[in-house]
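Colleague: fold the following.
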Amino acid sequence: MGYVTAVPVPQPRTESAPAAAGSRRSLAAALLLGAVGAAVVLLASGQIWAEGTAAVLGSSVSLEASGRDVTGVPAALAVVGLAALVAVFAVRGKPRLLVAVLLTLSGAGAAIAAYGSVSGTAALDEQARRATGDSAAAVDSLTHTAWPFVTAAAGLLILLAGLLALRYGASWPAMSGRYEREGGSPRKAAPATDPDRPEDLWKALDRGEDPTRDQ
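Modeller: Numbers count the residues shown, from 1 in each chain. I've put the predicted structure just below:
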């Protein structure tokens, strides 16, 4: 008498629930970090970053410079970062990787530019020359507010969003994929309508069809 042994049939691998949850969390975190970081950079760039004085005829004149006066690089890179953040969800494969790299570099560049501006005096020196009429004038008693450091920290948020896109972006959905499925999949044929079944007639009317067209 022979024995029949059951051979396990390999099942197709599907994404586990923890992996899917992790993908959603990373997606939400990247969106939040990127959007908040870019918004803060743009907001902080319009604030006063540096203050000082210039000597004019034995008295002093107060000077101040906004972030955009000091450097326009962080605000420009924040706009690039926002565009890259949106583009991450519109592409797949290698293009998504390239956009994630751009997002990362935008955040790093914004942070470096903001932090590096703390030691600069060019914006206030220019204001001192205009205020005094002396081409050799320079700002005195230079101080900086907290806004350059806030901008640098916000740039790091964009950087973190880019790193999340590099690490987990391959598992994120793409807007184009959803639209392609909706637009490219063939429409199912409407079920045949039986004129002797009132429920079929009502369903046809709900679909906007004429249930008597084939009669």
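Colleague: helices of this protein, start to end?
Modeller: 17-45, 67-70, 73-88, 93-116, 122-132, 147-168, 175-184, 198-206 (DSSP state H).
Colleague: right, and those - which one's nearest Glu51?
Modeller: Among those, helix 122-132 comes nearest to Glu51, with 7.9 Å by Cβ to Cβ. C-beta coordinates here come from the backbone N, C-alpha and C atoms, glycine included.
Colleague: quick one: mean pLDDT over that closest one.
Modeller: Helix 122-132 shows a mean pLDDT of 80.
Colleague: for it, packing partners?
Modeller: If you count contacts as 3 or more Cβ pairs under 8 Å, 6 or more residues apart in numbering; DSSP states H and E, helix 122-132 packs onto strand 48-56, strand 59-66, helix 67-70.
Colleague: mind running it again at 10 Å?
Modeller: strand 48-56, strand 59-66, helix 67-70, strand 140-144 (3 or more Cβ pairs under 10 Å, 6 or more residues apart in numbering; DSSP states H and E).
Colleague: sorry, back to before: dump the helices of the chain to CSV, plus distance to Ala138.
Modeller: Converted to CSV, the helices of the chain look like this (distance: least, Cβ to Cβ, whole Å):
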stretch, distance to Ala138
helix 17-45, 24
helix 67-70, 16
helix 73-88, 23
helix 93-116, 20
helix 122-132, 5
helix 147-168, 20
helix 175-184, 52
helix 198-206, 79
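Colleague: so what's Leu157 up against?
Modeller: Leu157 sits next to 32-41, 81, 107, 110-111 when contact means Cβ atoms under 10 Å, 6 or more residues apart in numbering.
Colleague: at 8 Å instead, please
Modeller: Leu33, Gly34, Val36, Gly37, Val40, Gly107 (Cβ atoms under 8 Å, 6 or more residues apart in numbering).
Colleague: what does the model give it for pLDDT?
Modeller: At Leu157, pLDDT is 97.
Colleague: the bottom helix or strand of this structure by mean pLDDT?
Modeller: helix 175-184 (a mean of 49; mean pLDDT, DSSP states H and E).
Colleague: center of the protein, which residue is that?
Modeller: The structure's the chain has its C-alpha centroid closest to Leu85; by Cα atoms, centre = their mean the separation is 2.9 Å.
Colleague: these two touch, right, that residue and Leu164?
Modeller: No: look at Leu85 against Leu164 with Cβ atoms under 8 Å: they stay out of range, at 10.7 Å.
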